[in-house]
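Colleague: What follows is a predicted structure for the sequence shown.
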Amino acid sequence: MIENEKNVGSRRDLLKAAGALAIGAAATNLLAPKEAQAARAKAPRWAMVIDIRRCVGCYSCQVSCKMENAFPMENYGAWVLALDKGQYPDARRVFLPKLCNHCEGNEEDKIPPCVKACPEYPKDRRKFITKDGKKIRYRNGATYKRPDGVILIDNSLCIGCGKCIAACPYGARSFDKRIVAGKDKTKHGVTKC
């Protein structure tokens, strides 16, 4: 078997495992309370898919994200992790784009780790209006998740503690020296992709 065919097989196994996880995640929604399930059904669920098989490590996604979102010099919203796999003579480099994946959360409470770590969550209730005009209520905070799955930061409520940065499993959050935390003006606010 050629080396490329071995890689394709391992990639296929990876994609099969990811598909099984997606099916498992969908199955856990069947066990959720009917009200929560109905609310999730009303809002679209946004996602970004990156085909890492085609990533060649050019870092253009990292640079374009930085330029588009005007991140300061020391921060990146998305970054590419270069991993060396195998040993000589079968060594190879794999590139893994790391960005905010807008986590679903754990099975018990469906709250993402960055949101759960935020001491300013939960706050008041807000309304999310879908494209067809339906209103869904959700909890707000310095870090919060909308019903459509997007995780956002409200720096006016942020205290600048950095707990959400430490809790992010993807390393997609950082302090931004240009943003002041809303509740503690002596600390920096948080940014992410």
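Modeller: Perfect, thanks for sending it.
Colleague: And the residue nearest to the spatial centre of the chain, how close does it get to Lys127?
Modeller: Geometric centre of the chain, nearest residue: Asn101, 2.2 Å, by C-alpha atoms, centre = their mean. To Lys127, Asn101 is 25 Å away according to C-beta to C-beta, to the nearest Å. C-betas here are computed from N, CA, C, even on glycine.
Colleague: chain center to stretch 119-132: distance?
Modeller: Centroid separation between stretch 119-132 and its chain, computed with C-alpha atoms, centre = their mean, to the nearest Å, is 18 Å.
Colleague: In PDB, list the C-alpha atoms belonging to that stretch.
Modeller: Output of stretch 119-132 as PDB, limited to C-alpha atoms (Å, rounded to 0.1, in the frame of the first residue of the first chain):
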ATOM      1  CA  PRO A 119     -18.700  34.600  36.600                       C
ATOM      2  CA  GLU A 120     -21.000  37.200  34.800                       C
ATOM      3  CA  TYR A 121     -23.300  34.400  33.400                       C
ATOM      4  CA  PRO A 122     -26.300  34.100  33.600                       C
ATOM      5  CA  LYS A 123     -27.700  37.600  33.600                       C
ATOM      6  CA  ASP A 124     -30.900  39.000  32.200                       C
ATOM      7  CA  ARG A 125     -33.000  37.400  29.500                       C
ATOM      8  CA  ARG A 126     -32.800  38.500  25.900                       C
ATOM      9  CA  LYS A 127     -34.900  37.800  22.800                       C
ATOM     10  CA  PHE A 128     -33.500  36.100  19.700                       C
ATOM     11  CA  ILE A 129     -35.700  36.600  16.600                       C
ATOM     12  CA  THR A 130     -35.500  34.000  13.900                       C
ATOM     13  CA  LYS A 131     -35.800  34.700  10.200                       C
ATOM     14  CA  ASP A 132     -39.400  33.600  10.200                       C
END
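Colleague: now what about that stretch, what contacts it?
Modeller: 42-44, 115, 135-144, 146-148, 157-159, 161, 163, 183 (C-beta atoms under 8 Å, 6 or more residues apart in numbering).
Colleague: Buried among those residues? Make that a PyMOL selection.
Modeller: Of those, the buried ones go into a single PyMOL selection, burial set by 16 or more other C-beta atoms under 10 Å:
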select buried, resi 43+115+136+138+140+141+142+143+144+146+147+148+157+158+159+161+163
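Colleague: count of residues packed around Gly57?
Modeller: Gly57 has 13 neighbouring residues, counting by other C-beta atoms under 10 Å.
Colleague: In a strand, Lys177, correct?
Modeller: Yes. Using DSSP: H, G, I helix; E, B strand; the rest coil, the assignment for Lys177 is a strand.
Colleague: if I pick the nearest residue to it once chain neighbours are set aside, what's in contact with it?
Modeller: Spatial nearest neighbour of Lys177, excluding adjacent residues (C-beta to C-beta, 6 or more residues apart in numbering): His188 at 5.5 Å. His188 makes contact with Gly160, Phe175, Asp176, Lys177, Ile179, Val180, Ala181 under the criterion C-beta under 8 Å, 6+ apart.
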